[in-house]
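A.B. asks: I'd like to go over a predicted model; first the sequence, then the structure.
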Amino acid sequence: MAKQKPVVVISDPQAIRALAHPARQRVIDELYNGKVLTATECAEIAGLTPSAMSYHLRALEKWGIIERAEESADGRERPWRSKAASLRIDSTSAGAGRLAGHAIMRTAMNGVLEQFQDLSEDDPWDDVSTLSRSRLWLTHEEAVRFSKELNDVVDRFKKKRTQTDHPAGARQISSLYAVVPIDKAPEES
């Protein structure tokens, strides 16, 4: 098996648009969580027919987001897997790519909201659920460092753990943070 890259960074506007489809996002979530799935299994997750799902999987493969895994035991269908340990979208693209990036963000944020809503009041892990929102006054260099350090914290805790490879007693935790410059950029002096 070929070694996977640590992260796939998507910046091409067409690739970002390819990610914007909700069915593709559901499948990407599963594949990037360490699952290896056939087109039929992906179709069940996304609520599509296997032939429609195959179309979406080939599009994701075209943009280097997923790849074919080794053949299944019966050899009838080759499953799919993530191309890397994680996926990052570079939101600096313009036009339709930027709009597609916004659609992806909206779907991700709505998903986190649903996860908060689905968390039972008597869940013993409820004490770790949190949402933090802050406004910071940072220079550009500080904002770059802040964003990198947040990514480093997530990577440190991720520890290459997956749906199929994690310690006993571990539970899947969803995290979401955003670093978004607001207001007008300052005049450079």
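C.D. replies: Received, thanks.
A.B. asks: downstream neighbour of the lengthiest helix in the chain in the secondary structure list?
C.D. replies: The helix that spans the most residues within the chain, counting by DSSP state H, is helix 95-118. Next along the chain after helix 95-118, taking DSSP states H and E as the criterion, comes helix 140-158.
A.B. asks: tell me what the longest helix of the chain is packed against?
C.D. replies: When contacts are defined as 3 or more C-beta pairs under 8 Å, 6 or more residues apart in numbering; DSSP states H and E, helix 95-118 packs onto helix 13-19, helix 22-31. Where you see a C-beta, it was placed from the backbone N, CA and C, and this is true even at glycine.
A.B. asks: who are the packing partners of the last one?
C.D. replies: Applying 3+ C-beta pairs under 8 Å, 6+ apart, one finds that helix 22-31 makes contact with helix 13-19, helix 39-46, helix 50-62, strand 80-82, helix 95-118.
A.B. asks: hang on, the earlier thing: who wins for proximity to D118 among the helices and strands packed on helix 95-118?
C.D. replies: helix 22-31 (15.1 Å; C-beta to C-beta).
A.B. asks: which residues touch that closest one?
C.D. replies: 18-19, 37, 42, 45-48, 53, 56-57, 59-60, 65-66, 80-82, 87, 104, 107-108, 163 (C-beta atoms under 8 Å, 6 or more residues apart in numbering).
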